[in-house]
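Chemist: just a sequence and a predicted model for now, questions to come.
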Amino acid sequence: AQTVTQSQPEMSVQEAETVTLSCTYDTSESDYYLFWYKQPPSRQMILVIRQEAYKQQNATENRFSVNFQKAAKSFSLKISDSQLGDAAMYFCAYRSWLNDMRFGAGTRLTVKP
Amino acid sequence: ETGVTQTPRHLVMGMTNKKSLKCEQHLGHNAMYWYKQSAKKPLELMFVYSLEERVENNSVPSRFSPECPNSSHLFLHLHTLQPEDSALYLCASSPRTSTNEKLFFGSGTQLSVL
């Protein structure tokens, strides 16, 4: 079964600084999709960024970017110019045409003013 | 507002009670999901429905009973729960299963079993 591992239960960053959240996954599939979701205190999961495994170019969404290393099965999220509103739980997730979405345990990000 | 609404937002129940969680989506999606979120554990996929038919059931105890009367509504019926069932229960939808598309989530029901 596909598993997603987030090895950092908690991270903190100073406002305006950059932070990187780690994610690794295990799969035997070659075609799949990776996601980062944000869960603020409101509890509603919001999509931050998505990466197709067949694309070599790393996805970018404004201040959010990923470092996708397919061979290493690594998918880290970089948040630049961190803002107070970025404080939340961040979940890495895997989905494929054969498997519905699987999530990691999450990383709680604190942003210090 | 993502178009997925869950009620109630909070629920406290005793181990002998029977209660139901409700999820409604207004996005015209054909697939709906129940996830369990416990502290420091990966989200657990519990049930998947596609066009009102259950397509996945991940070894969930029978004290959890899902129901999908139509593609817009999903219920999770609870009975004789255990304290370890206390968690945040999230509902999600997507246009279909077996796809690369993202899931749309509700705000969850925070369940406490006493």
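Modeler: Everything's here; your move.

Chemist: all contacts plus neighbour counts: C-alpha atoms, from now on.
Modeler: Will do.

Chemist: chain A against chain B: which residues are in contact?
Modeler: Taking C-alpha under 8 Å from any C-alpha of the partner chain as the measure of proximity, chain A contacts chain B at A:9, A:32-33, A:42-47, A:95-106.

Chemist: only whichever of these are buried, select them in ChimeraX.
Modeler: Buried subset of the residues of chain A next to chain B, written as a ChimeraX selection, criterion 16 or more other C-alpha atoms under 10 Å in any protein chain shown:
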select /A:32,33,43,44,45,46,47,95,96,99,100,101,102,103,104,105,106
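
Chemist: mind checking which of the residues of chain A next to chain B are in strands?
Modeler: Among the residues of chain A next to chain B, the residues falling in strands (DSSP state E) are A:Y33, A:I46, A:L47, A:R95, A:R102, A:F103.

Chemist: I'd guessed the fourth one sits against B:N100; true?
Modeler: It refers to A:R95. Yes - at 6.5 Å, A:R95 and B:N100 qualify as touching, with contact defined as C-alpha atoms under 8 Å.

Chemist: joint contacts of the two?
Modeler: With contacts defined as C-alpha atoms under 8 Å, 6 or more residues apart in numbering or on different chains, the residues adjacent to both A:R95 and B:N100 are A:Y32, A:Y33.

Chemist: quick one, what contacts the most centrally placed residue in chain B?
Modeler: In chain B, the residue lying closest to the centroid (C-alpha atoms, centre = their mean) is B:W34, at 2.9 Å. Contacts for B:W34 were tallied using C-alpha under 8 Å, 6+ apart; they are B:L45, B:M46, B:F47, B:V48, B:Y89, B:L90, B:C91, B:A92.
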